[in-house]
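The amino acid sequence is not available; the structure is as follows:
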């Protein structure tokens, strides 16, 4: 047997041949063998194989790839890529993971520092702990459509990661999952998420845009700590808790908008956000706060907007009273009308925000073409009216001609003839 870590960190080892009498190989036995280019198993070994000269060690009974190297070609019938299978394979630049793979275990590609792109199969439902941790050259990842869980540290310290699209199927993202992905400019979180875990996006210094889904109820500690390119954040209605240092040192953050459900803001949540200018708090009650939520932020130069009926309460309560200006949230009425004046929808919209249009209206004989005014940046009461375009007039007549039934159509004052075989002619005899 070959025990755990037996060849760990053998960085000059280039080739390994497994004899026929080896009956057990512990997962991770060949981690960090950065120069390994060749793996083979004796063809008479009943427990392991290197089928199709794939330069990998495969557990025959389970179709599990136990160990790989820079020249590995994963066979089409592999189901499992085992724990630490490629860990430390720093010369691996690319790999094709076949659709047969249903499980990639923890640390499988840990430290594959030359790997630049990977496309994962649709059978995967989980990205295990530290699967791509320290894949520092990884620029893009394509996830399968069935992924439900991204475990902690999954893409941590992928410094070069620029693009990853999270499928709608995702239910949970673990701690540190994308921490220190310094090149990631934006990410859209799926609607099924209910929590953003501690440290999830810490030190994502290029992250300039993120949309927090409406179902989120908790933003964890240091979730966006040191996201120094983030300039605005909208925390939706269902969020109840903003964790300790959640947005600490977001040095470019100028606008924060908090939904009505927030009731607890933990210590230093917005500390050292030195560019903060506008803080809009829609909370139905003044949130309970812990120590130093605005420490080193300079809120004396910022403006706080709050519900009008809570204005005096905010003025009388620390730390809110430290804001340079405390003003009521201004709202405007946006009314959507149909063509004949019927009210389709009325909505109260905060100053500078967008209204939401009603369902597309229907008018017989007409096609809806849009609305007569822009309602994306509402700064006053607004009446928006539906616009339509009249449908083309047409007339259809079936006639007999030389024993055949043909169809005569008039559209927009032009005559067309349709033969029984479906051929269409204009009055000029041109086939259409």
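Sure, I can see it. All figures in this text were calculated on a predicted structure; none of them were measured in a lab.

what's the closest non-adjacent residue to the residue nearest the centre of the chain?
The centre of the chain sits closest to residue 188, judged by C-alpha atoms, centre = their mean, with a distance of 3.1 Å. Once flanking residues are discounted, residue 188 sits nearest to residue 211: 5.7 Å by C-beta to C-beta, 6 or more residues apart in numbering. In this view, the C-beta of every residue, glycine as well, is placed from N, C-alpha and C.

contacting residues around that neighbour?
By C-beta atoms under 8 Å, 6 or more residues apart in numbering, residue 211 lies in contact with 188-189, 234.

For residue 190, see how far away it is.
Residue 211 is 10 Å from residue 190, where distance means C-beta to C-beta, to the nearest Å.

What are the boundaries of the helices in the stretch 101-250 of the chain?
Taking DSSP state H, counting those that start in this stretch as the criterion, the stretch 101-250 of the chain carries no helices.

which residues of it fall in strands?
For the stretch 101-250 of the chain, the strands defined by DSSP state E, counting those that start in this stretch cover 103-104, 117-119, 126-127, 140-142, 149-150, 163-165, 172-173, 186-188, 195-196, 209-211, 218-219, 232-235, 241-242.

wait, isn't residue 14 in contact with residue 38?
Yes. Residue 14 sits in contact with residue 38 when judged by C-beta atoms under 8 Å, with a separation of 6.7 Å.

Between those two, which has more neighbouring residues?
With neighbours defined as other C-beta atoms under 10 Å, residue 14 and residue 38 compare such that residue 38 has more, 15 against 11.

Please report the distance of that one from residue 13.
Separation of residue 38 from residue 13 (C-beta to C-beta) stands at 10 Å.

do the same with residue 71
To residue 13, residue 71 is 14 Å away according to C-beta to C-beta.

likewise residue 89?
Shown here: residue 89 relative to residue 13, a distance of 12 Å by C-beta to C-beta.

Which of these two has more residues huddled nearby?
Taking neighbours as other C-beta under 10 Å, residue 89 and residue 13 compare with residue 89 leading, 30 against 15.

And stretch 164-180, end to end?
Stretch 164-180 has an end-to-end distance of 15 Å (criterion: C-alpha to C-alpha, to the nearest Å).

My error: substitute stretch 384-404 in the last question.
In stretch 384-404, first residue to last residue: 53 Å (C-alpha to C-alpha).

Can you give me the buried ones in it?
384, 386, 388 (16 or more other C-beta atoms under 10 Å).

Check stretch 78-85 too.
By neighbour count on 16+ other C-beta under 10 Å, the buried set for stretch 78-85 is 78, 80-85.

Narrow those residues to those in helices?
Judged by DSSP state H, helices contain none of the buried residues of stretch 78-85.

Doesn't residue 300 lie inside a helix?
Yes. Applying DSSP: H, G, I helix; E, B strand; the rest coil, one finds residue 300 inside a helix.

burial count for it?
Counted with other C-beta under 10 Å, the neighbours of residue 300 add up to 10.

likewise residue 365?
Neighbour count of residue 365, defined by other C-beta under 10 Å: 8.

Could you do residue 88 as well?
24.

Distance of it relative to residue 150?
Distance, residue 88 to residue 150, by C-beta to C-beta: 22 Å.

did I read that right, residue 311 in a helix?
Yes. Secondary structure of residue 311 (three-state DSSP): part of a helix.

so what's it closest to, chain neighbours aside?
Spatially, and ignoring its direct neighbours in sequence, residue 311 is nearest to residue 328 (5.4 Å; C-beta to C-beta, 6+ apart).

For that neighbour, give its distance to residue 312.
Applying C-beta to C-beta, the value for residue 328 to residue 312 is 10 Å.

Kindly report the same for residue 128.
Counting by C-beta to C-beta, the gap from residue 128 to residue 312 is 53 Å.

So which of those two has more stuff around it?
The neighbour comparison of residue 128 against residue 312 (other C-beta under 10 Å) goes to residue 128, with 22 against 11.

quick revisit: for the residue nearest to residue 311, what are its contacts?
305-308, 311.

give me that answer again for 10 Å
By C-beta atoms under 10 Å, 6 or more residues apart in numbering, the residues touching residue 328 are 305-311, 314.

same thing with residue 15?
Contact analysis of residue 15 by C-beta under 10 Å, 6+ apart lists 35-40, 55, 69.

Model confidence for it, exactly?
Looking at residue 15, its pLDDT stands at 96.

For residue 318, give me its contacts.
Here residue 318 is in contact with residue 289 (C-beta under 10 Å, 6+ apart).

ok, residue 74 touching residue 108?
No. With contacts counted by C-beta atoms under 10 Å, residue 74 stays clear of residue 108, the gap being 11.2 Å.

Between those two, tell me which one has more neighbours.
Set residue 74 next to residue 108 and count neighbours by other C-beta under 10 Å: residue 108 wins out with 25 against 21.

Which pLDDT value does the model give the more buried one?
Note for residue 108: predicted pLDDT of 97.

And for residue 413?
For residue 413, the model assigns a pLDDT of 59.

do the same with the one 10 residues further on
We have a pLDDT of 72 for residue 423.

Could you do the one 4 residues further on as well?
Each residue has a pLDDT score; the one for residue 427 is 60.

Run through the residues that contact residue 260.
236-239, 281-285, 307.

Can you add distance to residue 400, neighbour count and pLDDT and give those residues back as CSV?
Formatted as CSV, the contacts of residue 260 follow (distance: C-beta to C-beta, whole Å; neighbours: other C-beta atoms under 10 Å; pLDDT from 0 to 100):
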residue, distance to residue 400, neighbour count, pLDDT
236, 66, 18, 94
237, 67, 12, 92
238, 68, 17, 95
239, 72, 23, 97
281, 77, 22, 95
282, 71, 17, 93
283, 76, 17, 92
284, 75, 13, 89
285, 80, 11, 93
307, 75, 18, 93
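
Looking at those residues, which is nearest residue 142?
Among the contacts of residue 260, residue 236 lies closest to residue 142 (C-beta to C-beta), at 27.8 Å.

doesn't residue 213 make contact with that closest one?
Yes. Taking contacts as C-beta under 10 Å, residue 236 lies within contact range of residue 213: 7.2 Å.

returning to what we had before: identify the farthest-apart pair in the contacts of residue 15.
It's 35 and 40 that sit farthest apart of the contacts of residue 15, by C-beta to C-beta, at 16.1 Å.

ok so, going back, just list whatever residues bridge to the residue nearest to residue 311.
Using DSSP bridges, the beta-bridge partners of residue 328 come out as residue 306.

Quickly list what's touching both of residue 14 and residue 38.
Residues touching both residue 14 and residue 38 (C-beta under 10 Å, 6+ apart) are residue 69.

Check the spacing between residue 360 and residue 375 real quick.
Counting by C-beta to C-beta, the gap from residue 360 to residue 375 is 15 Å.
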